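> I need the structure of the sequence given here:
(one chain, ligands or ions: 1)
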Amino acid sequence: MTAQLGFRDVTLGYDRHPAVHHLNGDVTQGALLAVVGPNGAGKSTLFRGIVGILKPLSGKITLGGIKQRDIAYLPQSADIDRSFPISVFDFVGTGLWRTTGIFGGLGKKAREQIAQALAAVGLNGFENRNIGTLSGGQMQRMLFARVLLQDADVIVLDEPFNAIDAKTTMDLIALVQRWHGEQRTVLAALHDMEMVRAYFPQTLLLARGAVAWGKTAEVLTSDNLVEARRMCEAFDDTAGTCVADHERSQAA
Ligand SMILES: Nc1ncnc2c1ncn2[C@@H]1O[C@H](COP(=O)(O)OP(=O)(O)OP(=O)(O)O)[C@@H](O)[C@H]1O
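Okay, the predicted model is just below:
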């Protein structure tokens, strides 16, 4: 199996304080991987590292034959500035920037693609709405429509089903399953363990470092979940990078 993403002793953090510590492992091409862990475990930080918003403090993230800008990223909806004056149509259209460029106009084909993506997530008729007027579930649907347009081999979803109703969740899970069927590599940060058990064959249980990584049923044991909570509670947020990391970064 080809590794699509690799983590080589990766430490990620803010102001030199590690948030994800010494992560090692590979995500194979076509994997459907849940990333779970308590609040503050480092899930969003890891995703920011994967898409290049954060550079590792040490270690390396390897990408199998793709560039970071080719990864489709669905951020937590709290990270979206809802006051930004942009219509649903134009927001979803940003998913085509890789092909049209930021300043490229939207031709007939692009407009059709956007309309199809909106239809696929059930947002027909919302084209001209300002994004600030959407409900939480409509916002998630819009973010999924943008990911659809990006047509990416690797898709990273940060808490994609947060605070949305059961119908919307099932519609969006169906999209995730479709991507998985198309052999795309999908990573999703999730809190709902039942959903993870039902739909995600593989799981990374994160608590700043990896507690367990592998088949979901083997990872989500009560012992591992207790250990994850203990590791998160014991982690010192004000700690600096390890001496070894510091020396390595000085030598680089
Ligand atoms: N922009 C930031 N600046 C400084 N520290 C941050 C920043 N973002 C996150 N952190 C810290 O990094 C650690 C990991 O946070 P992160 O958001 O990655 O966790 P998470 O697993 O996604 O949590 P949650 O489940 O609550 O969304 C936390 O201690 C958090 O306070």
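
> pLDDT (mean, whole number) over stretch 221-228?
Confidence for stretch 221-228, expressed as mean pLDDT, is 94.

> return the set of buried residues in it.
Residues of stretch 221-228 classed as buried under the neighbour-count rule (16 or more other Cβ atoms under 10 Å) are Asn224, Leu225, Ala228. C-beta here means a position set from N, CA and C on the backbone, and glycine is covered the same way.

> closest to the ligand among those residues?
When those are compared for distance to the ligand (Cβ to the nearest ligand atom), Ala228 wins out at 10.5 Å.

> dump the residue contacts of the nearest residue to that closest one once chain neighbours are set aside.
For Ala228, the nearest residue in space outside its immediate sequence neighbours is Ala207; the separation is 4.0 Å by Cβ to Cβ, 6 or more residues apart in numbering. Contacts for Ala207 (Cβ atoms under 8 Å, 6 or more residues apart in numbering) come out as Gly37, Pro38, Ala41, Gly42, Glu227, Ala228, Arg229, Arg230, Met231, Cys232, Phe235.

> out of the residues you listed, who's near the ligand?
Restricting the contacts of Ala207 to those touching the ligand (Cβ under 6 Å from any ligand atom) yields Gly37, Ala41, Gly42.

> gap between the last one and Arg98?
It refers to Gly42. The spacing between Gly42 and Arg98, counted by Cβ to Cβ, to the nearest Å, is 28 Å.

> next: Ile86.
To Arg98, Ile86 is 18 Å away according to Cβ to Cβ.

> tell me the secondary structure at His191.
Assigned state for His191: coil (three-state reduction, DSSP: H, G, I helix; E, B strand; the rest coil).
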